[in-house]
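J.: quick one, what's the 3D model for this:
(chains A, B, C and D)
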There are 2 protein chains.
Amino acid sequence: MAVTIKDIAVEMGITPSSVSKALNEKSDVSTDLKRKVRQVAQEMGYKKNMLAVRLVTMKSNTLGVFIFSRTKIRNSESTAYKYLNIMLNEAKKYGYDIVLFSIESSLSENKSYIDLCRERQVEGALFIGFENNDYHLEELVHSGLPVVMIEKNISSENTGCVMVDNAGGISLGMNYLFTLGHEKIAFIKGHFAAELSEIRFSQYRKMMEEKNIYSDRLVFEGDFSLESGYAVGLRISEMPELPDAVFASNDLMAIGVIRAFSEKGIKIPDDISLIGFDNFEIGKYVQPKLTTIAQNFSDIAESAVTMIFNMINSGLHGRSVLLDPELIVRESCAINKKYTD
Amino acid sequence: MAVTIKDIAVEMGITPSSVSKALNEKSDVSTDLKRKVRQVAQEMGYKKNMLAVRLVTMKSNTLGVFIFSRTKIRNSESTAYKYLNIMLNEAKKYGYDIVLFSIESSLSENKSYIDLCRERQVEGALFIGFENNDYHLEELVHSGLPVVMIEKNISSENTGCVMVDNAGGISLGMNYLFTLGHEKIAFIKGHFAAELSEIRFSQYRKMMEEKNIYSDRLVFEGDFSLESGYAVGLRISEMPELPDAVFASNDLMAIGVIRAFSEKGIKIPDDISLIGFDNFEIGKYVQPKLTTIAQNFSDIAESAVTMIFNMINSGLHGRSVLLDPELIVRESCAINKKYTD
DNA sequence: AAAATTTACGAAAACGATTGAGAAATATTA
DNA sequence: TAATATTTCTCAATCGTTTTCGTAAATTTT
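T.: Below is the predicted model of the structure:
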């Protein structure tokens, strides 16, 4: 069917090994033959069979990428894709392919992530999002396979992670809110199965407690989705006394809140301030423009790929790298009026 | 390193072929041996090497998917990911893997899409988005490799496509607008390199011309991005006389328009009606809620995968399938006041 | 009990490449 | 010119499977 080096060999009256070496620019073949072989290969439409190459060289040059879609954690398909895109381009620079794994179906097959990786001979695995209750984590950590996770804080010999400094991001936002004179700051938590939900909330709680102004009644359960933000927004609007501000665990929920408040006639930032987390582009187009904490998705993905290649090629251990978030001030926060009284 | 069937064979004092047959549930091996082999394999932590399997069986069980990221056509990373996700799950049902290809890097390597596919032995390729000026199209069509494209209307022996009926979608929106009494309908075109931009615009133009109300001054260039929608919105707001309505080629641009109008004090839908295309979830949360044309991304992706497997397994030819769009009426369109005068 | 059939396993070739060791051809040195 | 060194190619093993064919043993049929 397809033309092989053997075909080229018989065509040229030489051996397959010479063809292989010529095509791979080995030193023990004359430049003249190289040229001829290249030309014949071209003419015959030869394409090397990577399956064979990888089998014999025992190098798959392949990275596995797992994206969690089962529960739509963070509801941010768009960020998953951003990550994926960067990973793809970075991997290509190293000459690696990326094979995608979907979580839901692999679980139904009753194959663990490691099984999938071993079968495909992937040299490393990248995880985008990881659920707290996933019992495969243990296995991953002890597998020996280089693994790096995004949005899940972990580091061991063979597993690393890269994520934004979520606690730092919350601090940035909280301090900004404090500076503006806000004290009754409500918080909308993210999806319970995402580790960063807990991290963000903990930092919020810690900072509120330090000021002795923490109250359970100020925290609301969300799941990172627009809808959940909207639902919480409605509930907040019905509180006997409005909070000074609300800190949403992500932009999507913040936008849901904007919608709810708008329907209830609550003005942002006049009646209440609002801050999000992520810095999605859409935040610049909602009314009011959303003040938020930015995380650089490209940097995260790039660091993840860099780390995994360091682990694969240089045998480095997994590390936990935290990237700096940034406060993006736009229009959804204002000075607390009560403060000026 | 890793345990192979040979290892199992020596361990059990049988031959590799028996192990292979046992593991593959072949009929010419006793159920007793099968059981034993399974157990030993399990104990020894055997994982079959798919590279070897695929090489010998001459079946890669792999689909290639190409996503165009070079020019951020449609600016809809999120839809690309939605497509990808469905494809992944559908492919898994057939026992296929998906390897991802990034367009930009492949071009820099000077390897055509077909080269990449042939090397990896992929059995079919899925394209998400395709640029008008991509000169590789010709090669694809004549490659013999099963290919199906999303958002690019083409069909030949080995290439098919699936997309929403864009012209029909525009008709839906235009007729709705006409019913509401609008005549001066502005149109924001999508990215010039996307085929569907032309399709959508053509239908708009056709319907306007049928009513003899087409004017070049009512059409604006966009590129599917929020920013471009915003920019056009600003320009529209500065027109000597406001149009009755604006039809944006996608929701993102419509949201940009909302922002621009809001800043200029133009009320939607009181002063002007607005309609989008895509039915992104965010449309329900902007103010006013966006009326739009819905396309079902899941259906599109599923159809694409189904088609490619039909081509791969049953040798069916590529077809061009058009899915029905739907008008989603929300709040951004109202009856034309001039009409009621 | 002999013949025919079935069952269960082994031997070996294959898939398409790579690679180190060895052989042949050519070039270099003494 | 002979000996040595260098270049250039061939040989053959290998990667981990699958699969066809062959054959001995077990089973069934006559």
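J.: which residues does residue A:302 contact?
T.: With contact set as Cβ atoms under 8 Å, 6 or more residues apart in numbering or on different chains, residue A:302 has these partners: A:86, A:90. To be clear about C-beta, it is placed using only N, CA and C from the backbone, and glycine gets the same treatment.
J.: doesn't it lie inside a helix?
T.: Yes - counting by DSSP: H, G, I helix; E, B strand; the rest coil, one finds residue A:302 located in a helix.
J.: how close does it sit to residue A:326?
T.: For residue A:302, the distance to residue A:326 equals 17 Å [Cβ to Cβ, to the nearest Å].
J.: go on, residue A:92?
T.: Residue A:92 sits 29 Å away from residue A:326, going by Cβ to Cβ.
J.: more crowded one of these two?
T.: Taking neighbours as other Cβ atoms under 10 Å in any protein chain shown, residue A:92 and residue A:326 compare with residue A:92 leading, 19 against 15.
J.: go ahead and confirm that one touches residue B:100.
T.: No - with contacts counted by Cβ atoms under 8 Å, residue A:92 stays clear of residue B:100, the gap being 10.0 Å.
J.: now residue A:6. Nearest residue, chain neighbours left out?
T.: Leaving aside its chain neighbours, residue A:6 sits nearest to residue A:16 (5.0 Å; criterion: Cβ to Cβ, 6 or more residues apart in numbering or on different chains).
J.: that neighbour: what's it in contact with?
T.: A:4, A:5, A:6, A:8, A:9.
J.: also residue A:283?
T.: A:251, A:254, A:255, A:276, A:289, A:290, A:292, A:328, A:330.
J.: please name the nearest non-neighbouring residue to it.
T.: Counting by Cβ to Cβ, 6+ apart, residue A:283 lies nearest to residue A:290, which is 3.7 Å off, once chain neighbours are set aside.
J.: let me know how buried that neighbour is, in neighbour terms.
T.: The burial count for residue A:290: 28, using other Cβ under 10 Å.
J.: where does it land on pLDDT?
T.: We have a pLDDT of 98 for residue A:290.
J.: measure it to residue B:253 for me?
T.: Residue A:290 is 19 Å from residue B:253, where distance means Cβ to Cβ.
J.: with residue A:218 instead?
T.: 38 Å.
J.: residue ranges in the stretch 1-150 of chain A under the pLDDT threshold?
T.: A:69-77, A:104-110 (pLDDT under 70).
J.: now the helix or strand hosting residue A:292 - C-alpha only, CSV.
T.: Per DSSP states H and E: residue A:292 is located in strand A:291-294. The C-alpha coordinates for strand A:291-294 follow below in CSV (Å, rounded to 0.1, in the frame of the first residue of the first chain):
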residue,chain,number,x,y,z
THR,A,291,-12.8,44.5,38.1
THR,A,292,-11.0,41.2,38.5
ILE,A,293,-7.9,39.3,39.3
ALA,A,294,-6.0,38.2,36.2
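J.: can that strand be said to contact chain B?
T.: No - shown here: strand A:291-294 not in contact with chain B (Cβ under 8 Å from any Cβ of the partner chain), separated by at least 15.4 Å.
J.: skipping its backbone neighbours, what lies nearest residue A:122 in space?
T.: Among residues not flanking residue A:122 along the chain, residue A:64 sits closest, at 3.9 Å (Cβ to Cβ, 6+ apart).
J.: same deal with residue A:208?
T.: residue A:214 (3.7 Å).
J.: tell me how many other residues surround that neighbour.
T.: 16.
J.: thought it was touching residue A:202?
T.: No - counting by Cβ under 8 Å, residue A:202 is not a contact partner of residue A:214; they are 11.5 Å apart.
J.: which of the residues in stretch A:178-190 are buried?
T.: A:178, A:180, A:181, A:182, A:183, A:184, A:185, A:186, A:187, A:188, A:189, A:190 (16 or more other Cβ atoms under 10 Å in any protein chain shown).
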